[in-house]
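Visitor: Quick check, what structure comes out for this input:
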Amino acid sequence: MKNLSKKGAATRQAILESARKAFTQSGYDVGVREIAENAGVTAMLVNRYFGSKDQLFEDVIDLVLSAPGILTRQTMTKALDVPTLCQEIAAALVARTASDVTPMDGFLIMLRSSNNEQAMGILRGKFETHFARPLTQMLPGEEASQRAAMFLAVIAGFQVMRQIVEIAGLTQVPPDQLVQQLEAIFELLVKGRSVVVPK
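Guide: Residues are numbered from 1 along each chain as shown. Next up is the predicted model:
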């Protein structure tokens, strides 16, 4: 909304922060009334500032995906320096999925909203905008969009298996080994090397 007063901007921010916490804890299915109560406003004000629950959810997703994380726009500008790019992303992924680190809000919202078709449609669009398209533009060679999607799948799958499932092969080995293995996978995807599949 344009031309908000100082009080209006503060109210909007309070709603946005309340929604972020609620969606992170409970996923898309949390009620607007609960979000409003935790922000100290009425449900009518939520609709006034955001128009709909879907728009509020979109704004929250934009907020959490724009925050510094594993894959950032800054790291994606290092396409010409492949080893540095892959090492930084691998190191960030291992660090952000350590047992003593709270999973990132965007990751939790995705997991806890996975049973809602409307929410997943919004998430698909936001992941395309924030990550898939920039990655596709960055990657050289053929099948860039497929390799970008695979890149994101490796990140998401690693997060699930290490931080949620806590599979031993990812939790009981030295972090530097995980970084090296991830770095090799990412470098393969960035450079687009051909992989021969046995017939």
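Visitor: make it CA atoms for all contacts and neighbour counts henceforth
Guide: Noted.
Visitor: what about the helices in the protein?
Guide: Here the chain has its helices, by DSSP state H, at 6-26, 32-39, 43-50, 53-66, 82-96, 105-112, 117-127, 133-138, 144-159, 168-171, 175-191.
Visitor: so which of those helices gets nearest residue 72?
Guide: helix 53-66 (7.9 Å; C-alpha to C-alpha).
Visitor: Show me how the protein divides into domains.
Guide: 6-52, 67-191 (automatic domain parsing).
Visitor: Okay, residue 106 and residue 69: tell me how far apart.
Guide: Distance, residue 106 to residue 69, by C-alpha to C-alpha, to the nearest Å: 10 Å.
Visitor: quick one: which of these two has more around it?
Guide: Per other C-alpha atoms under 10 Å, whichever of residue 106 and residue 69 has more neighbours is residue 106, with 22 against 15.
Visitor: Which per-residue confidence value corresponds to that one?
Guide: What the model reports as pLDDT for residue 106 is 91.
Visitor: Quick check, it in contact with residue 66.
Guide: No: Residue 106 is beyond contact range of residue 66, at 9.8 Å (criterion: C-alpha atoms under 8 Å).
Visitor: Could I get the domains of the chain in a markdown table, plus columns for distance to residue 60?
Guide: As requested, those are exported to a markdown table (distance: least, C-alpha to C-alpha, whole Å):
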| stretch | distance to residue 60 |
| --- | --- |
| domain 6-52 | 6 |
| domain 67-191 | 9 |
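Visitor: tell me, which of those domains is the model least confident about?
Guide: The weakest mean pLDDT among the domains of the chain belongs to domain 67-191, with a mean of 90.
Visitor: From the chain's centroid, how far away is that one?
Guide: Put simply, domain 67-191 sits 8 Å off its chain's centre (C-alpha atoms, centre = their mean, to the nearest Å).
Visitor: Can you get me the start-to-end distance on it?
Guide: Distance across domain 67-191, first residue to last, is 27 Å (C-alpha to C-alpha).
Visitor: Now for residue 70: which residues touch it?
Guide: Going by C-alpha atoms under 8 Å, 6 or more residues apart in numbering, residue 70 touches 89, 92, 93, 96.
Visitor: Compute the number of surrounding residues for the second one.
Guide: With neighbours defined by other C-alpha under 10 Å, the count for residue 92 comes to 15.
Visitor: quick one, phi psi at the residue lying closest to it once chain neighbours are set aside?
Guide: Of all residues beyond its chain neighbours, the one nearest residue 92 is residue 70 (5.3 Å), with distances taken as C-alpha to C-alpha, 6 or more residues apart in numbering. When read as degrees, to the nearest 10, the backbone of residue 70 gives phi -80, psi -50.
Visitor: and stretch 153-160, which residues are buried?
Guide: When burial is assessed from 16 or more other C-alpha atoms under 10 Å, stretch 153-160 yields the following buried residues: 155, 158, 159, 160.
Visitor: Now distance to residue 101 too, for those, in TSV please.
Guide: Listed next are the buried residues of stretch 153-160 as TSV, based on distance: C-alpha to C-alpha, whole Å:
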residue	distance to residue 101
155	16
158	14
159	12
160	13
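Visitor: Next, count neighbours for residue 26.
Guide: 15.
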